[in-house]
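Q: what's the 3D shape of this:
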Amino acid sequence: MSSLSTNSPMRVDDQQTPERRSYPASVHFAFVGGLLLPLAVIPYLLGRRQTSVVRNRLQEAERVLQAVEHELKAATRELQALRSKQTNSSSQIKQLQESVDEFDESTGKLQADGIEGQKTLLQYVVELERDLESSKTLHSNSMREVGRSLGSVAGFMHELELGLGMTRRGEDPRGIDRIRATAAKLQRGSSTADR
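A: Below you'll find the model as predicted:
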């Protein structure tokens, strides 16, 4: 056979085809299924495993996202509360500033009124002092005049006693000496007060 194959060309007709065994379709299906099933199942299992990992990561990311959303809502509420407090504080500061300005204004008015009142009071005191001085002068002049008048009355009474021939009994029965002493005191006291 080896010589035949090398020396002469063979015909296709002359060749013998081995006989094929024929298997039922179920065997073919089982064979193809046995080859294809692992090829289909392995990626499915790997994909399912990765899908479960991804699903777990998604659930974890969702929990984190919910926590962040919750914290964001809390931070937003805090921020709104702070803004509200800031607005309140701003309005209170404005009111306080207005009160301080009004107080400064009223204090300025009070100071001006106080200064004006002090000036008026000082003028009144000066006028009172002048009136007192003039009153003192008038009083001392009046007292001098009263002293002179008393002296004149005492002199007239003494002359009347002498003219009527009344004699003195005792020290000063009619009080002429007392009138003279009082007149002298009044005249001296007013001159001492003038000094």
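Q: okay, which residue is most central for this structure?
A: For the chain, the residue sitting closest to the mean C-alpha position, by Cα atoms, centre = their mean, is Ile93 at 5.0 Å.
Q: now do the helix or strand containing that one: which elements does it pack against?
A: Secondary structure from DSSP states H and E places Ile93 in helix 25-164. With contacts taken as 3 or more Cβ pairs under 8 Å, 6 or more residues apart in numbering; DSSP states H and E, helix 25-164 sits against helix 176-194. To be clear about C-beta, it is placed using only N, CA and C from the backbone, and glycine gets the same treatment.
Q: average pLDDT for the helix it packs on, rounded please.
A: Per-residue confidence for helix 176-194 averages out to 71 on the pLDDT scale.
Q: switch to numbering from 35
A: Sure, I'll start numbering at 35, so the last one becomes helix 210-228.
Q: residue ranges in this protein under the pLDDT threshold?
A: Within the chain, the stretches with pLDDT under 70 are 35-54, 201-208, 223-229.
Q: tally of neighbours for Leu184?
A: Leu184 is flanked by 20 other residues according to other Cβ atoms under 10 Å.
Q: wait, it touches Ala215, no?
A: No: using Cβ atoms under 8 Å, Leu184 and Ala215 do not qualify as a contacting pair, with a distance of 9.6 Å.
Q: now Leu220: closest residue in space that isn't a chain neighbour?
A: Leaving out its chain neighbours, the residue that sits closest to Leu220 by Cβ to Cβ, 6 or more residues apart in numbering is Gly181, at 3.2 Å.
Q: contact partners for that neighbour?
A: Taking Cβ atoms under 8 Å, 6 or more residues apart in numbering as the contact definition, Gly181 lies against 216-221, 224.
Q: which PyMOL command selects the buried ones in those?
A: One line in PyMOL is enough to select the buried members of the contacts of Gly181, burial here meaning 16 or more other Cβ atoms under 10 Å:
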select buried, resi 216+217+220+221+224
